[in-house]
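Enquirer: Next comes the sequence, and after it the predicted model I'd like to discuss.
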Amino acid sequence: MTKDFNFTIKSIRFDEDYTPSDGTRITTNFANLARGESRRENLRNALRMIDNRCNSLAQWDNPESDRYAVELDIISVELDIEGKGDSFPAIEMLQTTILDRKTDARLEGIVGNNFSSYVRDYDFSVVLSEHNRERVGFSIPDDFGDLHGKLFKCFVDSDAYKARFRKLPVICLSVSDRKVYHRTTNQHPVLGFEYQPNETSLTEQYFRKMGLGVRYFMPPGSVAPFAFYFFGDLLLDYTDLELIGTIATMETFQKIYRPEIYNANSAAGECFHPSLKNDDHSLTRIVYDREERTRLASEQGRFAEEHFIKPYRAILNEWSAQYAL
């Protein structure tokens, strides 16, 4: 019988006045926008893009394309290993709420969307790097992602999660530029055409250990498919508006951070090979430093190692060994 860890959930509104907290990974999409001299303009433009995309997808009973707005809350999950009040910033996600201006109703959207984790930084930037440092050829440790996956599933199954959220999370990520995606005949009215990758990936394997399956869809009006990671049934468990809130939010972020793929000037065809070297794309008015994000991911991995993995290694190893996958 494993001892449950203590999770505390906090939230802060993501709007044009947002300032990242000390525990936020500064490479996280929403935190990266809120830095520098243009932070307020960046945030205002991004939020406007999200609302416009939401209304372009929710066209029914929306003749002026202005009926809906998407409100975003940053969900921060703190993990207390020993129950002594010493918490580590374990996970950050986004919660969408759809504001219906016609009825003044606020409709709870999906939690997840963006996914941020110091332990994931540790796995990819520290563990994987050290494992392959003196090896010939690339390989993956047998237990790679096990701890992170168990911690995530423990959180989703916790009383703290169930008391706060009605439905299980959906995480929406960009597609890999290392794979080829083929369009199928399966089409959803909001998610659009489904795509199938030619092979699995390390990211898919990693998220599978978190209990998440994946499907790839290109929504109407989008130019590339997205990876939707989910529990249960993605197409049946969520309403159209809930899915629209996630698409609008994450497509906006990807247009900013992956314009070569998601703000390309031509849409993906039946066979799609994403490329970050695609010159035929447009830029948003929001600029970010991609090289800085890569460098900081390594620093954040070391932060997790020093402040979480090393101090609690014995407890985590014992807990992980007993926790059922």
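Expert: All right, it came through fine. The model shown is predicted, which means the values in this text are computed figures rather than measured ones.
Enquirer: contacting residues for residue 226?
Expert: 172-175, 216-219, 247, 250-251, 254 (Cβ atoms under 8 Å, 6 or more residues apart in numbering). Heads up, the C-betas are built off the backbone N, CA and C, glycines and all.
Enquirer: Let me have these in a markdown table, adding secondary structure and distance to residue 14 as columns.
Expert: Formatted as a markdown table, these follow (DSSP: H, G, I helix; E, B strand; the rest coil; distance: Cβ to Cβ, whole Å):
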| residue | secondary structure | distance to residue 14 |
| --- | --- | --- |
| 172 | strand | 16 |
| 173 | strand | 18 |
| 174 | strand | 20 |
| 175 | coil | 24 |
| 216 | strand | 26 |
| 217 | strand | 24 |
| 218 | strand | 26 |
| 219 | coil | 22 |
| 247 | helix | 17 |
| 250 | helix | 13 |
| 251 | helix | 16 |
| 254 | helix | 16 |
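Enquirer: Residue 196 - that's part of a helix, no?
Expert: No - under DSSP: H, G, I helix; E, B strand; the rest coil, residue 196 falls outside any helix and is assigned strand.
Enquirer: Please enumerate the helices of the stretch 201-325 of the chain.
Expert: 202-208, 240-257, 259-262, 290-304, 313-322 (DSSP state H, counting those that start in this stretch).
Enquirer: can you tell me which of the ones you listed comes nearest to residue 273?
Expert: Taking Cβ to Cβ, helix 259-262 is the member of the helices of the stretch 201-325 of the chain nearest to residue 273, at 10.3 Å.
Enquirer: Let's have the helices of the stretch 201-325 of the chain in CSV, adding distance to residue 40 and mean neighbour count.
Expert: Listed next are those as CSV, based on distance: least, Cβ to Cβ, whole Å; neighbours: other Cβ atoms under 10 Å:
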stretch, distance to residue 40, mean neighbour count
helix 202-208, 33, 17
helix 240-257, 16, 24
helix 259-262, 22, 20
helix 290-304, 20, 16
helix 313-322, 40, 13
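Enquirer: Ok, which of the ones you listed comes nearest residue 146?
Expert: Set against residue 146 and scored by Cβ to Cβ, the helices of the stretch 201-325 of the chain come closest in helix 313-322, at 6.3 Å.
Enquirer: Who are the packing partners of that closest one?
Expert: Counting contacts by 3 or more Cβ pairs under 8 Å, 6 or more residues apart in numbering; DSSP states H and E, helix 313-322 packs against helix 146-156.
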